[in-house]
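>>> dropping the sequence and predicted coords here.
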Amino acid sequence: MFDVPPPFESRGLDEYRRTWDLFFSTSKDPVVFDFDDMEITAGRDVAFISARMHCEPTEAGKRARLDFRLTVGLRKASRGWVITHEHHSVPAT
């Protein structure tokens, strides 16, 4: 996965899970995630998803909307679909 805050790149499920520690340590539960738009392109062995999303973590006792883009690439394996690429980005200011 490639993400906005460090680490820039994470490989494997354990590293991926650790990336969320920073995000959730700065916000109180619950954090709301929602899709604004999603497009799926799927073939027999690969698929690609792009979505505009937002989340609303709590900062200083108030919800703060964060708009971002999610891109996911998947590959069909013997055990089912596997995420081979995930990328989060935020609009430039």
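Sure, I can see it. Residues are numbered from 1 along each chain as shown.

>>> pLDDT-wise, which helix or strand of the chain ranks last?
strand 58-59 (a mean of 72; mean pLDDT, DSSP states H and E).

>>> could you identify the helix or strand that succeeds it?
strand 62-63 (DSSP states H and E).

>>> what sits up against that following strand?
32, 56-57 (Cβ atoms under 8 Å, 6 or more residues apart in numbering). Every C-beta, even on glycine, is put in place using the N, C-alpha and C of the backbone.

>>> pLDDT score assigned to the residue lying farthest from the centre of the chain?
Residue farthest from the centre of the chain, counting by Cα atoms, centre = their mean, is S78 at 24.5 Å. If you check S78, the pLDDT there is 95.

>>> returning to that earlier point: now, of the contacts of strand 62-63, which are buried?
Buried members of those, counted by 16 or more other Cβ atoms under 10 Å: 56-57.

>>> lowest-confidence entry in the contacts of strand 62-63?
P57 (76).

>>> that one against V31, yeah?
Yes - in this structure, P57 is within contact of V31 by Cβ atoms under 8 Å, at 4.9 Å.

>>> show me the common contact partners of these two, please.
F23.

>>> run through this protein and note the low-pLDDT ranges.
In the predicted model, the chain carries pLDDT under 70 at residues 4.

>>> now do the helices in it.
13-25 (DSSP state H).

>>> measure K28 to R75 for me?
36 Å (Cβ to Cβ, to the nearest Å).
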